[in-house]
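Asker: My questions are about this predicted structure, shown below with the sequence.
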Amino acid sequence: MVSSIVLPTLETNRLALLPWKLEYAEDMLIFASNENVINAAGGWKRITDVKKAREKIENWIKRNSDEWAIALKINNSNKIIGSIGMHKNKFKDYNFSFDFGYLIAEEFWGQGIATEAVQKLMQYAFMGLQCDVMTVYHKAFNNQSKRVIEKCKFKFRGIYPRHSQDNPDSNACYFLTREDYLDLYNVSEQDLEDVNIRDILIKYDQQKPTTRSGKPQQQTQHIKGSPYSIDNPVRRIDNISYIKEPTGYLCGQSCVAMLAGVSVCEVIKVIGTDKGTNKQDLKKCLDYYGIRYAPKSMRYDPKVPLPDLCVIRMVLPGYGHWGIYYKGIYYDPEFGILKECPSQAKIFQVWEIYT
Ligand SMILES: CC(C)(COP(=O)(O)OP(=O)(O)OC[C@H]1O[C@@H](n2cnc3c(N)ncnc32)[C@H](O)[C@@H]1OP(=O)(O)O)[C@@H](O)C(=O)NCCC(=O)NCCS
């Protein structure tokens, strides 16, 4: 039902992680032609000509691989200096797991660039895609990569093949679960629900300490100044009249408007913004209209049917998005009335609305 998504560009203060394009082939040679880089990295062969580099990129694009060029942002332009990529793997009993690897051009080693890129990737995978676990390994002799992995707080799992510490071909393996990530990086589940994914992707450099209550909040029975309440809701929801968002950024407001049966303009007044909305904004507005909702969103599971009525949280290339699902139909403020989830979107949370 949900197709794979185009990779978003990810940014930190110094770096832009850009989905690889054919036009970057020549830039790849800066690191891919260097034996010191390639011999230390797993899964790469040395590349010395642009044709081979193009083939590699073409192959990634064809396979829809999660591979980014690491670019230094210099005076409004990007200088490609490395690569970072992840792929889905199977780790223990976890359903949704990624292994990843990275390399940086030699002249840029020792400036914390790989660590910055990896932490951005972790944020994208754990917070954006909500993966369960990430794994990574380095060749036994590769102390630089070992440092990157340690600085990113991964947990040591073992040397493989076992009992081969002195074998230069052995790998030291590490993992980190989502729970570890939330704990070690001081992120709460509530943050994940509240924060707009567009914000997540640019907040990397300002990780703020947060409280970790974890308890679902009680729904507010009545908002001061509202003519509605839980006992006197704006309407009984037994149909949805579709509303297209008047401009981008208004998907959250449009979803509430469809649920409440009011105009987007009215919702903007209640919600207090005509910009992107997070779950807290939507809660405030649903409380205003006396619309009842489940205390917690559920992680989307394609094997589990959606509730009759729910707000769905999706990720599209580079931005987060809200939509409504009601009895088998998607009412998407951007893409229209659909029988299936918009093909370019990936649902990651489902928030039931009670009728
Ligand atoms: C591993 C690699 C990506 C690290 O990139 P980086 O941007 O230099 O990484 P960071 O600066 O974040 O961290 C590197 C650490 O190694 C240390 N280091 C050890 N030897 C070093 C050397 N010869 N040059 C630079 N740094 C070195 C640095 O001091 C730093 O540790 P610190 O923060 O405790 O001081 C890069 O060395 C590389 O591309 N190597 C070849 C490919 C590879 O090994 N890929 C990883 C496969 S698992």
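Answerer: Perfect, thanks for sending it.
Asker: all helices in this protein, in order from the N-terminus.
Answerer: 25-32, 35-40, 50-62, 113-122, 143-151, 178-184, 189-194, 197-202, 251-260, 264-271, 279-288 (DSSP state H).
Asker: tell me the angle the first one makes with helix 50-62.
Answerer: Interaxial angle, helix 25-32 versus helix 50-62 (axes from the mean of the first three to the mean of the last three Cα atoms, to 10 degrees): 100 degrees.
Asker: likewise the fifth one?
Answerer: For helix 143-151 and helix 50-62, the angle between their directions (the same axes, to 10 degrees) works out to 20 degrees.
Asker: in stretch 31-45, what counts as buried?
Answerer: For stretch 31-45, burial by neighbour count (16 or more other Cβ atoms under 10 Å) applies to F31, A32, S33, N34, V37, I38, A40, A41, W44. To be clear about C-beta, it is placed using only N, CA and C from the backbone, and glycine gets the same treatment.
Asker: same deal with stretch 158-177?
Answerer: I159, S170, N171, A172, C173, Y174, F175, L176, T177.
Asker: domain parsing for this structure?
Answerer: What automatic domain parsing lists as the domains of the chain is 10-206, 251-352.
Asker: returning to that earlier point: adding distance to the ligand, write the helices of the chain out as CSV.
Answerer: Output for these, formatted as CSV (distance: least, Cβ to the nearest ligand atom, whole Å):
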stretch, distance to the ligand
helix 25-32, 7
helix 35-40, 3
helix 50-62, 16
helix 113-122, 3
helix 143-151, 4
helix 178-184, 17
helix 189-194, 26
helix 197-202, 21
helix 251-260, 37
helix 264-271, 41
helix 279-288, 34
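Asker: looking at those, which is closest to M298?
Answerer: With respect to M298, and counting by Cβ to Cβ, the nearest of the helices of the chain is helix 189-194 at 10.8 Å.
Asker: tell me, what residue is most central in this structure?
Answerer: The residue lying closest to the centre of the chain (Cα atoms, centre = their mean) is G128, at 1.7 Å.
Asker: Roughly how far does that residue sit from G112?
Answerer: 22 Å (Cβ to Cβ, to the nearest Å).
Asker: next one: F335
Answerer: Remark: distance between F335 and G112 (Cβ to Cβ) = 40 Å.
Asker: Which one's more surrounded, these two?
Answerer: Between F335 and G112, counting by other Cβ atoms under 10 Å, F335 is the more crowded of the two (18 against 11).
Asker: do you know how far the closest residue to P233 other than its chain neighbours is from R235?
Answerer: Once flanking residues are discounted, P233 sits nearest to G290: 3.5 Å by Cβ to Cβ, 6 or more residues apart in numbering. Computed as Cβ to Cβ, the G290 to R235 distance reads 9 Å.
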